[in-house]
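Visitor: I'd like to go over a predicted model; first the sequence, then the structure.
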Amino acid sequence: MRTLKLTKETTNKILTDLLKRSPNNYAGYEDRVNAIIADVRERRDQAVFEYTETFDGAKLTAANIEVTEDEIREAYDRVSPELLEVIRKAKENIRVYHEKQRQYSWFDSVIPGTMLGQKVTPISRAGVYVPGGKAVYPSSVLMNIIPARVAGVEEILMTTPCNREGKVNPATLVAAKEAGVGRVFKVGGAQAIAAMAFGTESIPKVDKIVGPGNIYVALAKKAVFGHVSIDSIAGPSEILVLADESANPRYVAADLLSQAEHDELASAILITTSETLAAEVTVQIDRFLEELSRREIIEKSLDHYGYILIAPDLDTAIDTVNEIASEHLEIVTENAFEVMTKIKNAGAIFLGPYSSEPLGDYFAGPNHVLPTNGTAKFFSPLSVDDFIKKSSIISYSREALQDIYQDIAQFARCEQLTAHANSVLVRFEDETEQ
């Protein structure tokens, strides 16, 4: 990791480096992704089967593309009781947290003869993408499915890659069943996104696609947006730790490395007002690297996107935190709650020395699907809101409309929309003729 004095110039350089990781900068992959989407849209199941064999080495047919109840029972047999218990504990925490996000329809009649309101309706069918391949993410299964269940989505289906034998990781399947998924399909990559966006003979078209994935999945989601809704275009993981001299350097180092191990594009940044802490964290990182299993990935991540920034004061540090708008923000200062009130941009905020980032990844309850690449300035974590839609309700009696119809007509004529004006005037033409 590079240790730098925090200045306007270093902040701008870091922001430039971080933005290079955005899926919006991978135009070289778009033609391939668009070709896969077009092919699946045209040839449907057959294209999905062929891409699955090409990329995953599995031979799928209409008879085995969907996970069966027997396969789910087999998955339960292969998952340890200890892991199942943890999944169920995490599921309950996530459910309880997201229940508090539920929104309800409301109606109001402040003006006599009127009723205004908002009708909240869950989407009908949601599609959840869960990565497979090199890593297994049952936590992502819970985080994506449970908010949809809480929102009241009628049908939830999931796609995830299978291995060469056509099997899905048992932990992934168990988490999906526990979370309440309806159907699971053994398809990954851009072809899975296309199948959910447009539908095939085997995979129904959905209304919204959520879930993380590699660059092909991210670009596929971007390409199908408009045909369906999506949650976001997620970039590589990132963590920012804001710390002062009170922080434990070993804890800080461990937390930085927890995100750097995700992949070589992950970002880990420490902003501190203490030069002593900066030096001690560097020492602890080197010690941890000697024992961590994903050392090669971590080192590449830290070499490219790892920074220790020494700020002249806490206010300057906070300004930089808001400018970077990190996916995960840990605040490890003497006055963590007071500092938190000054944070405007962050996906998830972790307060104090014992609120390490993996607590949010797996167990606490808040969603771990978070905005990346600075999009926390205008995006929020995945929530129940992502699985509902709102309809405005308007009802006026004749008497209520009579008081304002001329105002509406005047507004319409101002915009030269005479049919709009006529639409209200016609309701009172008997009065104007008298």
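Guide: Okay, I see it.
Visitor: what residues are up against Thr316?
Guide: Residues counted as contacts of Thr316 (C-beta atoms under 8 Å, 6 or more residues apart in numbering) are Leu6. Every residue, glycine included, has its C-beta placed from N, CA and C.
Visitor: do that again at 10 Å, thanks
Guide: For Thr316, the contacting residues are Leu6, Thr7, Lys8, Thr11, Ile271, Thr273, Leu309, by C-beta atoms under 10 Å, 6 or more residues apart in numbering.
Visitor: Between which two of those residues is the distance greatest?
Guide: Within the contacts of Thr316, two members stand farthest from each other by C-beta to C-beta: Lys8 and Thr273, at 17.1 Å.
Visitor: who has more neighbours, these two?
Guide: The residue with more neighbours, out of Lys8 and Thr273, is Thr273; 20 against 11, by other C-beta atoms under 10 Å.
Visitor: isn't the more buried one right next to Val339, touching?
Guide: No - counting by C-beta atoms under 10 Å, Thr273 does not reach Val339; the two are 11.3 Å apart.
Visitor: anything in contact with each of those two?
Guide: Any residue near both Thr273 and Val339 by C-beta under 10 Å, 6+ apart counts here, and that gives Leu242, Asp244, Leu314, Ala317, Thr333.
Visitor: Pretty sure the fourth one sits against Ile269.
Guide: Right, Ala317. No - using C-beta under 10 Å, Ala317 is not in contact with Ile269; the gap is 11.1 Å.
Visitor: Which neighbours do the two have in common?
Guide: Here Ala317 and Ile269 have Leu242, Leu309 as joint contacts, going by C-beta under 10 Å, 6+ apart.
Visitor: From Phe379, how far out is the most centrally placed residue in the chain?
Guide: For the chain, the residue nearest the mean C-alpha position is Val369 (3.5 Å; C-alpha atoms, centre = their mean). The gap separating Val369 from Phe379 is 10 Å, by C-beta to C-beta, to the nearest Å.
Visitor: what sits in contact with each of those two?
Guide: Asp231, Ser232, Gly347.
Visitor: list the contacts for the last one?
Guide: Read it as Gly347. Each residue near Gly347 by C-beta under 10 Å, 6+ apart is listed here: 238, 325-329, 360, 366-372, 375-376, 379-381.
Visitor: Name the nearest residue to it, sequence neighbours excluded.
Guide: What sits nearest to Gly347 in space, not counting adjacent residues and going by C-beta to C-beta, 6 or more residues apart in numbering, is Leu370, at 3.3 Å.
Visitor: quick one: that neighbour and Ala348 touch, right?
Guide: Yes - between Leu370 and Ala348 there is a contact at 5.5 Å, judged by C-beta under 10 Å.
Visitor: number of nearby residues for the residue nearest to Gly347?
Guide: A count of nearby residues for Leu370, using other C-beta under 10 Å, gives 24.
Visitor: Would you agree Ile193 is in contact with Pro212?
Guide: No - between Ile193 and Pro212 there is no contact under C-beta under 10 Å: 11.8 Å.
Visitor: Report the set of residues contacting both of these two.
Guide: Taking C-beta under 10 Å, 6+ apart as the contact rule, Ile193 and Pro212 both touch Tyr129, Ala218, Lys221.
Visitor: where does the stretch 101-250 of the chain dip in pLDDT?
Guide: Applying pLDDT under 70 to the stretch 101-250 of the chain picks out residues 133-135.
Visitor: ranges for the strands of it?
Guide: Listed in chain order, the strands found in the stretch 101-250 of the chain under DSSP state E, counting those that start in this stretch are 106-108, 114-122, 125-129, 155-159, 183-185, 208-210, 229-230, 238-243.
Visitor: In a markdown table, list the ones you listed along with mean neighbour count and distance to Asp31.
Guide: Shown next, in a markdown table, are these (neighbours: other C-beta atoms under 10 Å; distance: least, C-beta to C-beta, whole Å):
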| stretch | mean neighbour count | distance to Asp31 |
| --- | --- | --- |
| strand 106-108 | 11 | 47 |
| strand 114-122 | 15 | 36 |
| strand 125-129 | 26 | 21 |
| strand 155-159 | 24 | 23 |
| strand 183-185 | 22 | 26 |
| strand 208-210 | 24 | 21 |
| strand 229-230 | 20 | 20 |
| strand 238-243 | 26 | 28 |
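Visitor: between those, which gets nearest to Ala419?
Guide: Nearest to Ala419 among the strands of the stretch 101-250 of the chain is strand 114-122; the distance by C-beta to C-beta comes to 23.7 Å.
Visitor: Could you pick out the longest helix of the chain?
Guide: Counting residues, the longest helix found in the chain (DSSP state H) is helix 81-99.
Visitor: so what does that helix touch, helix or strand wise?
Guide: For helix 81-99, the packing partners by 3 or more C-beta pairs under 10 Å, 6 or more residues apart in numbering; DSSP states H and E come out as helix 138-151, helix 170-179, helix 357-362.
Visitor: if we can go back for a sec, and Ala90, which of the strands of the stretch 101-250 of the chain is closest to it?
Guide: strand 125-129 (16.4 Å).
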